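got a predicted structure plus its sequence, pasted below:
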Amino acid sequence: MMAIRELKVCLLGDTGVGKSSIVCRFVQDHFDHNISPTIGASFMTKTVPCGNELHKFLIWDTAGQERFHSLAPMYYRGSAAAVIVYDITKQDSFHTLKKWVKELKEHGPENIVMAIAGNKCDLSDIREVPLKDAKEYAESIGAVVVETSAKNAINIEELFQGIRQNCLENGLRKLCTALWRTQIGGSSSCRNPSSLHVCPVSG
Amino acid sequence: MADNLPSEFDVVVIGTGLPESIIAAACSRSGQRVLHVDSRSYYGGNWASFSFSGLLSWLKEHQENSDIVNECPLWQEKILENEESIALSRKDKTIQHVEVFCYASQDLHEDVEEAGALQKNHASVTSANSTEAAHSACLPAEDQSLSTASCEIPTEQTPSSDPESALEVNDFEATGEKEIHCDDKTCVPSTSEKETSENVPMAEDTAEQPKKNRITYSQIIKEGRRFNIDLVSKLLYSRGLLIDLLIKSNVSRYAEFKNITRILAFREGRVEQVPCSRADVFNSKQLTMVEKRMLMKFLTFCMEYEEHPDEYKAYEEITFSEYLKTQKLTPNLQYFVLHSIAMTSETASSTIDGLKATKNFLHCLGRYGNTPFLFPLYGQGELPQCFCRMCAVFGGIYCLRHLVQCLVVDKESGKCKAIIDQFGQRIISKHFLVEDSYFSENTCSHVQYRQISRAVLITDRSVLKTDSDQQISILTVPAEEPGAFAVRVIELCSSTMTCMKGTYLVHLTCTTSKTAREDLEPVVQKLFTPYTEKEIENEEVEKPRLLWALYFNMRDSSDVSRNSYNDLPSNVYVCSGPDCALGNDNAVKQAEALFQQICPNEDFCPPPPNPEDIILDGDSLQPEASESSAIPEANSETPRESANLRNPEEPSK
């Protein structure tokens, strides 16, 4: 039986920057030009082996609640990492990145690992945001930064690899218990299985 | 954002409380196009939970009497000739009698290090510190009651909501602090008095008490994010309708829960634990062997009382409390069963109601743990958000801070056809769900509301100390005088993610008879002692000390008949705010009933289809792309044993 470590990652960023496409590429290695903003999945998972452990990403998408800036605080609960996405062809989406970081700091867990993804790097001929700007900003907030293309599968694996690495280090700093929860055999059981009950348990 | 809302929906839901959120999720789930708006900047309405600073902002809003007039485009001119309009209220009037008391002291030691900041901080310690200052300054006698010893913070001096801005408080405000009202008229704190009174406890601090044991107001402010303070205090019955719905709809994956660990009783001035499970009964040290047998026998009977009608038929006409006297139970046991298990009072319940309540309690025992109740980590306010997420996942559109100015009614059909929002945009829909507090006085002029009395306390230790400091307890304090109501006390520890380490968050709730403070303060005084009292070397110190307290009344719009609202079109549905009951059954029942009106014959919140069946039509899908796993809780403080609800019928024996 392998230990499975679960790792919740939440996605942030303006509508249309490619959040869902990034997840889709990472989880299913698939890209759809007409991906609909909501597809009835609240989060997707991908398990990656790492040494004698399995690391399971639970990737939460915004479900469109970011569109009118109405993300619920519960969205951030227990996230080990956040990927904040902007569109390198849209200066505006880079500006609002800072707002998302602010909101994350307000509502998200402390010590959350932050990764900035400049998506659509396949369109660099119409680029509006220089990589240098993103790097400077990322450095100022201690975030990982990478330019990605969900369409051409560029740097997607690397993005999540970076997150995993950072979460691990973050976890180690906090004696391994902080951001990771170990589930043995993947089953999380009901607690107190041994207590006596007045009522007969049905089912 | 510049983004415009779409202008046509099937269902518009106004308000993000629990019933509204459940309905929004259910409608969205069955394919309706849902717009869900709230005029507030947060989810949940009166079901919300706040960080400490969030609560302070909320308080400020509700203490301010001035109407905030937002400049909105006039909607009147957008109403056509064949239309009428129902204006919605612009201000929330559901919260009254807000009173705040701060007992924790400002820790000046921390600031001493920062020499430069000292003077500034000293002047800007917010009203909390000056409350304490005024408090100690005006304390003529040690045994003064809470009500006279504490000072109500005037509206304009509500503690600043965040530490940064607290530091920016200038001298003008510092001067203003001196005008703090005191119930004791002799208290007119001059600058010198203030200085002295602040310095005295400080001197004591260094002399008597290790600093680390003390929680100060500035620590509470600093750690404010650790708090998730519920406006309504409820628990989930582990076999209640809400748990069933959470499991059925798979919404449970968005939240984590903890079991309540103890049922407590308050008897003869003492707090004691109520044994309710078989294990508790056997392990109880307070019960004699005979009592243990009596209690087990009685509880076993209650589990299947319906099968033995001959045993209670003769007592159907009398109250449950009278009935208990006829059973072989000592007064001790009668008290436990009546107040802590059936959670009723001497006069309120008939024999049948009491037996039903007892059976329900026992029935819920053991599903997830040793008591029948669960509490959501991060507070009750998570639950509406979870349903909202479900709604969004199925395409519902969310917009907070969005004011709806009016409902537009078609004169001919008498039906509501649209809303006009704060930007003057007209949004068409077929159904309109409106939470009670959004209706204007014109609409509610005939509605009779009840009120809920609430208190929120931050304390420094548990009402009943045990080996573990991480207990979650519920305690029912019976009413003392006829006409009053029993007070429900729920004490939360820091592992529920609702308060900072070293503190407890205590919620008191009862049906209102006077104001919240008048209703609840007697109970607060019985269980707690104000923090600033001198250390006394006696058993009094065993009482938990109050660091901070808040009282308010909340409107209870449950049980209001739809007919009591004036002139509502048939496709406008009313959701009520929170009720006073412990469980959430009322919200779920209401949501299901309204959903059935909107979508007749549709299944109510069925589980989402397997993502493999719905995501894309590609062929590269992997089984991994499913949502089958429980949500991990990754925060460092997260208790390992928090219950995941995803395995409902897994026998928990």
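Perfect, thanks for sending it.

what's next to stretch B:48-57, contact-wise?
B:40, B:42, B:58, B:158-162, B:220-221, B:223-231, B:378-382, B:384, B:456, B:498, B:550 (CB atoms under 8 Å, 6 or more residues apart in numbering or on different chains). In this view, the C-beta of every residue, glycine as well, is placed from N, C-alpha and C.

put the buried members of those residues into a PyMOL selection.
Remark: buried members of the contacts of stretch B:48-57, expressed as a PyMOL selection using 16 or more other CB atoms under 10 Å in any protein chain shown:
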select buried, chain B and resi 40+42+58+158+159+160+161+162+220+221+223+224+226+227+228+229+230+231+378+379+380+381+382+384+456+498+550
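
strands - which of the contacts of stretch B:48-57 land there?
With strands defined by DSSP state E, the entries of those inside them are B:229, B:230, B:456, B:550.

could I get these as TSV with pLDDT?
Listed next are these as TSV, based on pLDDT from 0 to 100:
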residue	pLDDT
B:229	98
B:230	98
B:456	98
B:550	97
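
filtering the contacts of stretch B:48-57 by proximity to chain A, which remain?
B:378, B:382 (CB under 8 Å from any CB of the partner chain).

give me the low-pLDDT residue ranges for chain A?
Along chain A, segments meeting pLDDT under 70 span A:1, A:35-42, A:171-203.

residues in a beta bridge with the closest residue in space to residue B:14 that isn't next to it in sequence, which ones?
In space, and not counting its chain neighbours, residue B:14 is closest to residue B:434: 4.7 Å by CB to CB, 6 or more residues apart in numbering or on different chains. When assigned by DSSP bridges, residue B:434 has beta-bridge partners residue B:14, residue B:574.

could you point out the helix or strand that follows the longest strand anywhere in chain A?
Longest strand of chain A, by residue count under DSSP E: strand A:3-12. Per DSSP states H and E, the first helix or strand lying C-terminal to strand A:3-12 is helix A:19-28.

mind listing what's buried in the helix or strand just after that following helix?
Downstream of helix A:19-28, the first helix or strand assigned by DSSP H and E is strand A:43-50. Within strand A:43-50, the residues scored as buried using 16+ other CB under 10 Å are A:43, A:44, A:45, A:46, A:47.

counting by contacts, list what whatever helix or strand comes next after strand A:43-50 packs against.
Of the helices and strands lying after strand A:43-50 in sequence (DSSP H and E), the nearest is strand A:53-60. Using 3 or more CB pairs under 8 Å, 6 or more residues apart in numbering or on different chains; DSSP states H and E, the elements in contact with strand A:53-60 are strand A:3-12, helix A:19-28, strand A:43-50, helix A:156-173.

between the third one and helix A:19-28, how many degrees?
Read that as strand A:43-50. 40 degrees (axes from the mean of the first three to the mean of the last three CA atoms, to 10 degrees).

repeat that for the last one.
An angle of 80 degrees separates the directions of helix A:156-173 and helix A:19-28 when computed by the same axes, to 10 degrees.

helices or strands next to helix A:156-173 in the packing?
Using 3+ CB pairs under 8 Å, 6+ apart, helix A:156-173 sits against strand A:3-12, helix A:19-28, strand A:43-50, strand A:53-60, strand A:81-87, strand A:113-119, strand A:144-147.

nearest to residue B:269, out of these?
The closest of those to residue B:269 is strand A:3-12. By CB to CB, the value is 46.8 Å.

gap between that closest one and the chain center?
7 Å (CA atoms, centre = their mean, to the nearest Å).

convert it to PDB, retaining C-alpha atoms only.
This file holds the C-alpha atoms of strand A:3-12, laid out as PDB (Å, rounded to 0.1, in the frame of the first residue of the first chain):
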ATOM      1  CA  ALA A   3       0.800   6.500   0.900                       C
ATOM      2  CA  ILE A   4      -1.100   9.100  -1.000                       C
ATOM      3  CA  ARG A   5      -0.500  12.700  -0.200                       C
ATOM      4  CA  GLU A   6      -3.200  15.000  -1.300                       C
ATOM      5  CA  LEU A   7      -2.600  18.500  -2.400                       C
ATOM      6  CA  LYS A   8      -5.300  21.000  -3.100                       C
ATOM      7  CA  VAL A   9      -4.400  23.600  -5.700                       C
ATOM      8  CA  CYS A  10      -6.800  26.400  -6.600                       C
ATOM      9  CA  LEU A  11      -6.800  28.400  -9.700                       C
ATOM     10  CA  LEU A  12      -7.200  32.200  -9.900                       C
END
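
how about the residues of the stretch 201-350 of chain B near chain A?
B:253-255, B:259, B:276-279, B:281-282, B:296, B:299-300, B:303.

follow-up on the earlier one: in TSV, list the helices and strands packed on helix A:156-173 along with distance to residue B:571.
Output for the helices and strands packed on helix A:156-173, formatted as TSV (distance: least, CB to CB, whole Å):
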stretch	distance to residue B:571
strand A:3-12	37
helix A:19-28	34
strand A:43-50	35
strand A:53-60	35
strand A:81-87	40
strand A:113-119	42
strand A:144-147	50
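
list the contacts for the residue nearest to residue B:14?
Counting by CB under 8 Å, 6+ apart, residue B:434 touches B:14, B:15, B:88, B:407, B:572, B:573, B:574, B:575.

pretty sure the fifth one sits against residue B:416.
To tie it back to what came earlier, the one meant is residue B:572. Yes - judged on CB atoms under 8 Å, residue B:572 makes contact with residue B:416 at a distance of 5.0 Å.

tell me, what's touching those two both at once?
B:86, B:407, B:432.

now, these that are in strands?
B:86, B:407, B:432.

residue B:350: which of these is nearest?
Looking across these and measuring by CB to CB, the closest to residue B:350 is residue B:432, at 39.8 Å.

name the residue of chain B that lies nearest to chain A.
Closest residue of chain B to chain A, CB to the nearest CB: residue B:366 (3.2 Å).

residue ranges for the helices of the stretch 301-450 of chain B, please.
B:309-312, B:320-326, B:331-335, B:351-364, B:382-393, B:441-444 (DSSP state H, counting those that start in this stretch).

packing partners for the longest one?
Other helices and strands packing on helix B:351-364, by 3+ CB pairs under 8 Å, 6+ apart, are helix B:289-303, helix B:309-312, helix B:320-326.

and those, which is most packed in?
helix B:320-326 (a mean of 19; mean count of other CB atoms under 10 Å in any protein chain shown).

I'd like the average pLDDT over that one.
Averaged over helix B:320-326, pLDDT sits at 94.

which other helices and strands contact that helix?
Checked by 3+ CB pairs under 8 Å, 6+ apart, helix B:320-326 has helix B:331-335, helix B:351-364 packed alongside it.

how about the first one, which residues are buried there?
This points to helix B:331-335. Applying 16+ other CB under 10 Å to helix B:331-335 flags B:332, B:333, B:334, B:335 as buried.

ok, residues contacting it?
By CB under 8 Å, 6+ apart, helix B:331-335 touches B:265, B:267, B:287, B:291, B:294, B:295, B:298, B:321, B:324, B:325, B:327.

in CSV, list the C-alpha atoms belonging to it.
The C-alpha trace of helix B:331-335 is given here as CSV (Å, rounded to 0.1, in the frame of the first residue of the first chain):
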residue,chain,number,x,y,z
PRO,B,331,-34.1,13.8,39.5
ASN,B,332,-30.6,13.9,38.2
LEU,B,333,-31.4,11.7,35.3
GLN,B,334,-34.7,13.5,34.7
TYR,B,335,-32.8,16.7,34.3
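
surely residue A:9 touches residue A:56?
No - using CB under 8 Å, residue A:9 makes no contact with residue A:56, being 10.7 Å away.

so residue B:98 is in which element?
strand B:95-102.

coming back round to it: between the shared contacts of residue B:572 and residue B:416, which is closest to residue A:128?
Proximity of the shared contacts of residue B:572 and residue B:416 to residue A:128 (CB to CB) peaks at residue B:432, which lies at 41.9 Å.
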